[in-house]
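Chemist: Return a 3D structure for these sequence lines:
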Amino acid sequence: MTEQAEQKTTVLVVDDDRLLRRQLHWALVERHRVLEAETRDSAIELLRRERVDVVICDLHLPPDLEGIEEGLAVVDAARNERPAVPVVVVTGSGSKQAALEAIRRGAYGFFEKPFDEEEVSHIVAQAARVRCLEGEVLRLRSELKMFRGFGRFVGASAALERMLKQARAVADTNATVLITGENGTGKEVLARAIHEESARHDRAFVAVSCAALPEQLIESELFGHVRGAFTDAKADRVGRFELADGGTLFLDEVGELTPAVQVKLLRVIERREFERVGSNRLVEVDIRLVAATNRDLERAVSEGQFREDLFYRLNVVPLHLPPLRERREDIPVLAVHFAAKAAEKHARPTPELDPALLEALQEYDWPGNVRELENLVERLVVLTKGARLGVEFLPDKMLRAPHASAAPASEGADETTLEGATIAMRRRMVTGALQAEGGNRVAAARRLGISRSYLHRLINELGIN
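Modeler: Below is the predicted model:
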């Protein structure tokens, strides 16, 4: 089949009248690939077997030529495709009522016999365009879904998978969740994913950083206030708890709450009710609470800085996000993902990542975690003119020394020179991956984020047994 033929849309003509099918065939064949069927059953079989873009269907099909149920069955079958296949029905001059019934059942449009070729060509082109647009919408929705919920997390390390397994288990419940982890690990991303995978996904997700709010305003921000409650309270204000009613409230850096607010938060968790600042009227809310902190709350409890009863109320389901240095095997795929994202943002071609760059990224300890990696990769995309990201624009701190847990350098490599240090670093990376995968080169290449052929070349060049 030629490339031109492959680009043609496919039109299925369904009619028991062979002459009419031939007329429609010759009217459409120049711009479309035309299939033909005489009955409902043969039409549905073609819909299942072929990629049909538009159906032209006579409503009066055998064996019931007087009724329209056979034709309507074709309309229904086409509408059940994903995306739906638009159906243009054929009707006689005295059968407009039947055509309108077909449109109520989901048909795209109709034309009358005898037909005008230009009219048919136009309505088929319009219907094909609708099919194409609906397909694009489904594709975009599918892509969007990939980056919603737990699809936001890129990587397959054991540490990440253990955490996500627990998160998936708790997502469709109403249990309170406490997320712990260093800055930049993605605590808010995880909280939003839990919300999007829950039964509350179509309600509000309200995030508030407890550390970013002034101490004197945090109670008002969380619970709201009434007019005259304090000097600047010139009108009633709804707090974050009320805004999240029916949905999920995410309290980031919950360890920074003052003792007074901790007491009030405990009461809300226990009773699901509170009072606005300056009011004695109780407000009831239905929320799912997710909290997060980069502090050791158990230690804060033992030091008297955080209420023990509140800690246990928050810590119903603890989830710990591992730092990036504990999931180094995810760094290559994260780097590729962020490079593509940055290229799209800055209208650059999607770049390739040099193996030397990937090795340097995996050697670094990433104190800023995933956020630091994303920022660095975006910087490299912006600064690099070519289609390949290398080590040219890496900061000096990432080129000087490998992480402390690296294996001993290869024998004979002079690590005081740039070449020797690079060889030693590559040898450690390859040897470590092979050991971790029990000598399986396919798995080791996947762990390193490189091709099998490049791994074989490295093994030979570095003299690894």
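
Chemist: And the helices in the stretch 151-300 of the chain?
Modeler: When secondary structure is read from DSSP state H, counting those that start in this stretch, the stretch 151-300 of the chain shows helices at 158-171, 187-196, 218-223, 240-243, 259-271, 297-302.

Chemist: what's the second one in contact with?
Modeler: Contacts of helix 187-196 from elsewhere in the structure, counted by C-beta atoms under 8 Å, 6 or more residues apart in numbering, are 148-150, 152-153, 167, 170-171, 177, 179-181, 201, 205, 207, 247-248, 250, 252, 288, 290, 292, 294, 319, 321. All C-beta spots, glycine's among them, are computed from the backbone N, C-alpha and C.

Chemist: out of those residues, which are buried?
Modeler: Taking 16 or more other C-beta atoms under 10 Å as the criterion, what is buried in the contacts of helix 187-196 is 149-150, 153, 167, 170-171, 177, 179-181, 201, 205, 207, 247-248, 250, 252, 288, 290, 292, 294, 319, 321.

Chemist: Please narrow those to those residing in strands.
Modeler: If you go by DSSP state E, the buried ones among the contacts of helix 187-196 have 177, 179-180, 205, 207, 248, 250, 252, 288, 290, 292, 319 in strands.

Chemist: Let me know the closest of the residues you listed to Q126.
Modeler: F205 (39.4 Å; C-beta to C-beta).

Chemist: Count residues in the vicinity of the residue nearest to the closest one when sequence neighbours are not counted, would you?
Modeler: Distances taken as C-beta to C-beta, 6 or more residues apart in numbering put H195 closest to F205, at 4.6 Å, once the chain neighbours are dropped. Neighbours of H195 under the rule other C-beta atoms under 10 Å: 24.

Chemist: From F338, how far out is H195?
Modeler: 24 Å (C-beta to C-beta, to the nearest Å).

Chemist: Over to E112?
Modeler: Remark: distance between E112 and F338 (C-beta to C-beta) = 57 Å.

Chemist: The two: which has the busier surroundings?
Modeler: A count of neighbours by other C-beta under 10 Å puts F338 above the other of E112 and F338, at 20 against 15.

Chemist: elements contacting the helix or strand harbouring that one?
Modeler: Assigned by DSSP states H and E, F338 belongs to helix 331-345. With contacts taken as 3 or more C-beta pairs under 8 Å, 6 or more residues apart in numbering; DSSP states H and E, helix 331-345 sits against strand 352-353, helix 355-363, helix 369-383.

Chemist: who wins for proximity to R328 among those?
Modeler: Comparing those by their distance to R328 (C-beta to C-beta), the top pick is helix 355-363, with 5.1 Å.

Chemist: check contacts around the closest residue to L380 other than its chain neighbours.
Modeler: In this structure, L380 finds its nearest non-sequential neighbour in L389, 4.9 Å apart by C-beta to C-beta, 6+ apart. With contacts defined as C-beta under 8 Å, 6+ apart, L389 is in contact with 339, 351-354, 357, 377, 380-381.

Chemist: What distance do you get for L389 to P351?
Modeler: In this structure, L389 and P351 are 5 Å apart, going by C-beta to C-beta.

Chemist: Can you check which residues contact both of the two?
Modeler: Counting by C-beta under 8 Å, 6+ apart, the residues touching both L389 and P351 are 339, 381.

Chemist: Sketch out the strands for the stretch 51-200 of the chain, chain order is fine.
Modeler: In the stretch 51-200 of the chain, the strands defined using DSSP state E, counting those that start in this stretch lie at 54-58, 87-91, 109-112, 177-180.

Chemist: Noted, bye for now.
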